[in-house]
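1. quick check, what structure comes out for this input:
(one chain, ligands or ions: 1)
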Amino acid sequence: MKTITNKINLKNFSLAELQDYMLEIGESAFRGKQIFNWMYNNFASTFDEMNNIPIKLREKLNEIATINSLELVSKQSSNSTKTEKYLFATREGHKIESVIIPEHERRTLCISTQVGCPLDCKFCATGLMGFTRNLTVGEIIDQYLLTSKFIEPATITNIVYMGMGEPLLNFDATLKSLNILLNDLGNKIGRNRITVSTSGIPQKIIELADSGLRVKLALSLHSCFDDVRNKIMPINIKYNLEENIEALKYYAKKTKTKIMFEYIMLKDINDRKEDLRALVKLCSTIPSKVNLIPFNSISHMVSGGLSAELEPTPREKINEFAEQIMKKNIFVMLRNTQGDDIAAACGQLAVKQK
Ligand code: SF4
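-> Down below sits the predicted model:
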């Protein structure tokens, strides 16, 4: 475990907080704006690069503050697609992952919000890691800033909060990072290009709706039946489907957005005729779309239990499922597996912590 200095991390601040901090240390608020610009638009990783900041202030900041939350440990690229997986270490040495998925003109960054995850979804490698801690705002934001450096001249066009962890269980940091990306950065990435994905925490879905951020929201649905969901997503025992659907209706109405239902296709578990009927019925009650996702192997993490028994629905059956949904005039996307050769596909992110 590394020794951590207690220097203040400026990436945990919003723009307004950074300006206030400058006033607090006897500088002008304008310096806050300049530093913000260096961090977010020029991707600076040291104060010494900030050449329009007086040397005396740079020296002072070097003593009392930092702008580093994460360190890049390694980067892997998929042979079959151009998906890239980034392994980062926090300042005390915890490991997290982020993924960049290129698709046509899009560059989607999938970011993590927790070290591990407490929710133990049976189809997800991160859940099998257990939970260490929430990420700070700076650690969430640094995934965007550090990966942005590698994809120049193209920029990240979309962000999905779908990496390691449940974003709504790290609500304050998630919300603040969204505010920085959307408001402080002046809409560099539009709200319709940012998606928060949740396993279903109703009270926090309502709070996110009330935040006014109007980002897109995805629910990891995976079954329309509580008994099935209880088995594959234990969080459903605490917050069942009915409570979640009520919260999602509120979200859709308040934000005027469609809810994305994420649905990992699991053989004989959620790909039966009754599952199809229930999914179509659910979609008729709420403005929504469906994203069908092939199940990606998590054999790199699993040793036994239900997780070891899960199998993917065959591709022909997924296609048939999608066709039936489309016939009911429901928008359905069929996600291609991206980056499974480097364990970067949906549900595969996991790092062994020391
Ligand atoms: S699917 Fe999401 S909420 Fe469930 S264990 Fe994995 S990271 Fe956590």
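2. which residues does Phe295 contact?
-> By C-beta atoms under 8 Å, 6 or more residues apart in numbering, the contact set of Phe295 is Phe123, Ile264, Met265, Leu266, Lys267, Leu310, Glu311, Pro312, Thr313, Gly347. Yep, even glycine has a C-beta here, placed from its N, CA and C like the rest.
3. do that again at 6 Å, thanks
-> Ile264, Leu266, Pro312 (C-beta atoms under 6 Å, 6 or more residues apart in numbering).
4. likewise Asp271?
-> Per C-beta under 6 Å, 6+ apart, neighbours of Asp271: Met265, Thr313, Lys317.
5. just those residues: which are in helices?
-> Lys317 (DSSP state H).
6. just the buried residues from the contacts of Asp271, in PyMOL please.
-> Of the contacts of Asp271, the buried ones go into a single PyMOL selection, burial set by 16 or more other C-beta atoms under 10 Å:
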select buried, resi 265+313
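7. and which of the contacts of Asp271 is nearest to the ligand?
-> Met265 (14.8 Å; C-beta to the nearest ligand atom).
8. chain neighbours aside, what residue packs nearest to the closest one?
-> With C-beta to C-beta, 6 or more residues apart in numbering as the criterion, Met265 has its nearest non-adjacent residue at 3.8 Å, and that residue is Thr313.
9. surely that neighbour is in contact with Ile264?
-> No - counting by C-beta atoms under 6 Å, Ile264 is not a contact partner of Thr313; they are 9.1 Å apart.
10. how about the residues of the stretch 151-300 of the chain by the ligand?
-> Met164, Gly165, Glu166, Ser199, Ser220 (C-beta under 6 Å from any ligand atom).
11. try 5 Å
-> Residues of the stretch 151-300 of the chain found near the ligand (C-beta under 5 Å from any ligand atom) are Glu166, Ser199.
12. just the helices in the stretch 151-300 of the chain please.
-> For the stretch 151-300 of the chain, applying DSSP state H, counting those that start in this stretch gives helices covering 171-179, 202-210, 226-232, 235-238, 241-255, 273-284.
13. please name every helix or strand in contact with the shortest one.
-> The helices and strands touching helix 235-238, judged by 3 or more C-beta pairs under 6 Å, 6 or more residues apart in numbering; DSSP states H and E, are helix 226-232.
14. what comes up buried for the helix it packs on?
-> Going by 16+ other C-beta under 10 Å, helix 226-232 has these buried residues: Val228, Arg229, Asn230, Ile232.
15. list the contacts for the last one?
-> Contact analysis of Ile232 by C-beta under 6 Å, 6+ apart lists Lys122.
16. about what we covered before: mind giving me JSON lines with the helices of the stretch 151-300 of the chain and columns for mean pLDDT and distance to Lys216?
-> As requested, the helices of the stretch 151-300 of the chain are exported to JSON lines (pLDDT from 0 to 100; distance: least, C-beta to C-beta, whole Å):
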{"stretch": "helix 171-179", "mean pLDDT": "97", "distance to Lys216": "11"}
{"stretch": "helix 202-210", "mean pLDDT": "98", "distance to Lys216": "11"}
{"stretch": "helix 226-232", "mean pLDDT": "97", "distance to Lys216": "22"}
{"stretch": "helix 235-238", "mean pLDDT": "98", "distance to Lys216": "21"}
{"stretch": "helix 241-255", "mean pLDDT": "98", "distance to Lys216": "9"}
{"stretch": "helix 273-284", "mean pLDDT": "97", "distance to Lys216": "16"}
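17. the most centrally placed residue in the chain and Phe36, how far apart?
-> A centroid search over the chain (C-alpha atoms, centre = their mean) returns Tyr161, at 1.7 Å, as the residue closest to the centre. Going from Tyr161 to Phe36 by C-beta to C-beta, to the nearest Å gives 22 Å.
18. contacting residues for Cys110?
-> Val99, Val160, Met162, Gly163.
19. name the nearest residue to Phe150, sequence neighbours excluded.
-> Closest to Phe150 by C-beta to C-beta, 6+ apart is Lys75, at 7.0 Å.
20. could you say which helix or strand contains Arg133?
-> strand 131-134 (DSSP states H and E).
21. buried stuff in that strand?
-> Buried-residue list, strand 131-134, by 16+ other C-beta under 10 Å: Phe131, Thr132, Asn134.
22. give me the beta-bridge partners of Asn134?
-> Gln114 (DSSP bridges).
23. show the pLDDT at it.
-> On pLDDT, Asn134 comes in at 98.
24. then the one 3 residues further on?
-> Among the per-residue scores, Val137 shows a pLDDT of 97.
25. need the contact list for it.
-> Neighbours of Val137 in contact, by C-beta under 6 Å, 6+ apart: Asn12, Ala173, Lys176, Ser177.
26. nothing else from me, thank you.
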